[in-house]
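A.B. asks: mind folding the following:
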Amino acid sequence: MSNDQYYGGQQYDPYANGTGNANGTGSGSGHQEQQGPDVTQTWEGQTWDTQFQPAVTYEQVRADRAQAAQGRQGHQQQPHQPQQPYEAYASSQASYESYGTPAAYYAEPQHQQPQPPQAQPQHQSQPVAAPAPAPAPVAEPVPAPPAPSAPSGEAGPGWSSPTTSGNTRITDAQRARAEGRSPVIEPGMQPAALTAVLGLLLAGGAALGTYALLVPLVLLQGLTAAGWFRLNGMWPARQGIALAFAGGLAADAALLVTGRENAAAAIFGTLGVWVLLCLVLQLRSHADPDERMYGLMATIASAALAVVATGHLGADPDAVVVGGVAVAAAVLARALPLPGPVSLIAALLASAGAGIAAGGLADLGSSGALLGLGAGVCALVGLRVASYDYPSRFVHMTAGVALPLTAAAPAVYLLGRALV
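C.D. replies: Numbers count the residues shown, from 1 in each chain. From the prediction side, this is the model:
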């Protein structure tokens, strides 16, 4: 690599500093002699990256040379000691690290005032390297606050609030499945209380009249349609829920038009039409065959339950009063913290006792006990269905509330017509 660089029209020789040889004892002949072993060839060209080093002008170089020449006149000549190979390598490495940086490059001369010369004892002037930029401060990550945990004495929601570290709380169904426990989870006292309230509303509506009974019946059909789909793990299923609920409403309208004496024809006729409608809608679906079949079965079952609940509207009003009270007593007794067989017997006895009490008010006598026992058995079957396959809290509050009363509708209708 050539060291001849032109600055301001003059040839620049980096070793023309007043010495003619490597020992520094010459008279500055202006031409470059043989380099000594202690002199390292350096790169003195321009660079594209000039934003990190100061610009050194040609006037500053000349002033540094003159100052260095004056300082060497007072020194005596010293014999040159050859360096060892390792010392030469270390000196070459140090020189390379010093001159290899971008600060060692000279810039074009600029029109500015020359700086006063400074005395430097070095053999050759060295440019001043720019200070290294200070590292930027690194912001430490702020740890996320821990998610507040619910007190142990309070029953928290089924799902906790979302956090960056994941949800620490799981539902009762997930915990039971992880522990390998029974897939049957009873709804508990709160859904049982809601069922009892809805049963008493049905009994009160039947005592008041047909249209008073229609209000809680419509609520029962809506809970049945939504709860059955969620019980089968299909959510959201707005189209299926709306279709099943519409089937229940159609059955109610058909029964009101034809009257209680034609209740069976209205119920079965509506059920047949709705099964055909479900088939047509599922044939238009673009889902997989397995998923289509599963959705068809869930839709038909939900619509059938909603239509069957219309039996409360077609049954005798006294039978509806006895059946509603008996179902309320059965589910409340079943929700008590008792052993399994004891709880089952207590629920059946409670339903029979409630049937006797309600039958006495409706002039049914002992027939009320049989009617109440039949309604209680059907209610316990519906409660068992709503408790199966690790149900969630939503299933308990929909299917767990509605299925006992829906399952009791056929018993109320058939036993009512036979005993009343």
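A.B. asks: in terms of secondary structure, what does the biggest helix by length in the chain contact?
C.D. replies: In the chain, with assignment by DSSP state H, the single longest helix is helix 393-419. Under the contact definition 3 or more Cβ pairs under 8 Å, 6 or more residues apart in numbering; DSSP states H and E, helix 393-419 sits against helix 189-208, helix 210-231, helix 289-308, helix 311-314, helix 317-334, helix 367-386. Bear in mind the C-beta positions are built from the backbone N, C-alpha and C, glycine included.
A.B. asks: what's next to the first one, contact-wise?
C.D. replies: What it means is helix 189-208. For helix 189-208, contacts defined as Cβ atoms under 8 Å, 6 or more residues apart in numbering pick out 212-217, 219-220, 312, 317-318, 320-325, 327-329, 331-332, 334-335, 358, 396-397, 400-402, 404-405.
A.B. asks: put the alpha carbons of it into PDB.
C.D. replies: Taking C-alpha atoms only, helix 189-208 is exported to PDB below (Å, rounded to 0.1, in the frame of the first residue of the first chain):
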ATOM      1  CA  MET A 189     -77.800 -25.600  46.400                       C
ATOM      2  CA  GLN A 190     -77.900 -22.400  44.300                       C
ATOM      3  CA  PRO A 191     -79.200 -24.100  41.100                       C
ATOM      4  CA  ALA A 192     -81.600 -26.200  43.200                       C
ATOM      5  CA  ALA A 193     -83.000 -23.000  44.800                       C
ATOM      6  CA  LEU A 194     -83.500 -21.500  41.300                       C
ATOM      7  CA  THR A 195     -85.200 -24.700  40.200                       C
ATOM      8  CA  ALA A 196     -87.500 -24.600  43.300                       C
ATOM      9  CA  VAL A 197     -88.400 -20.900  42.500                       C
ATOM     10  CA  LEU A 198     -89.200 -21.800  38.900                       C
ATOM     11  CA  GLY A 199     -91.300 -24.800  40.000                       C
ATOM     12  CA  LEU A 200     -93.300 -22.700  42.400                       C
ATOM     13  CA  LEU A 201     -93.800 -20.100  39.600                       C
ATOM     14  CA  LEU A 202     -95.200 -22.800  37.400                       C
ATOM     15  CA  ALA A 203     -97.500 -24.000  40.200                       C
ATOM     16  CA  GLY A 204     -98.700 -20.500  40.900                       C
ATOM     17  CA  GLY A 205     -99.200 -19.700  37.200                       C
ATOM     18  CA  ALA A 206    -101.200 -22.900  36.700                       C
ATOM     19  CA  ALA A 207    -103.400 -21.900  39.700                       C
ATOM     20  CA  LEU A 208    -104.000 -18.500  38.200                       C
END
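A.B. asks: angle of that helix against helix 367-386?
C.D. replies: Relative orientation of helix 189-208 versus helix 367-386 (axes from the mean of the first three to the mean of the last three Cα atoms, to 10 degrees): 140 degrees.
A.B. asks: mind listing what's buried in helix 189-208?
C.D. replies: 191-192, 194-196, 198-207 (16 or more other Cβ atoms under 10 Å).
A.B. asks: likewise the last one?
C.D. replies: Within helix 367-386, the residues that qualify as buried by neighbour count (16+ other Cβ under 10 Å) are 367-380, 382-386.
A.B. asks: pLDDT of it, averaged?
C.D. replies: Mean pLDDT, helix 367-386: 93.
A.B. asks: please apply the same query to the shortest one.
C.D. replies: In this model, helix 311-314 carries a mean pLDDT of 94.
A.B. asks: that one - contacts with which helices or strands?
C.D. replies: Short answer (3+ Cβ pairs under 8 Å, 6+ apart): helix 311-314 packs on helix 210-231, helix 238-258, helix 263-283, helix 393-419.
A.B. asks: run through who's touching that helix.
C.D. replies: Contacts to helix 311-314, defined as Cβ under 8 Å, 6+ apart, come from residues 202, 206, 210, 213-214, 217, 220, 252, 255-256, 260, 263-264, 266-267, 320, 323, 405, 409-410, 412-413.
A.B. asks: how about stretch 230-238?
C.D. replies: By Cβ under 8 Å, 6+ apart, stretch 230-238 touches 229, 240, 294-295, 298, 385-386, 389, 391-392, 394-395, 398-399.
A.B. asks: and the residues you listed, which of them are buried?
C.D. replies: 229, 240, 295, 298, 385-386, 391-392, 395, 398-399.
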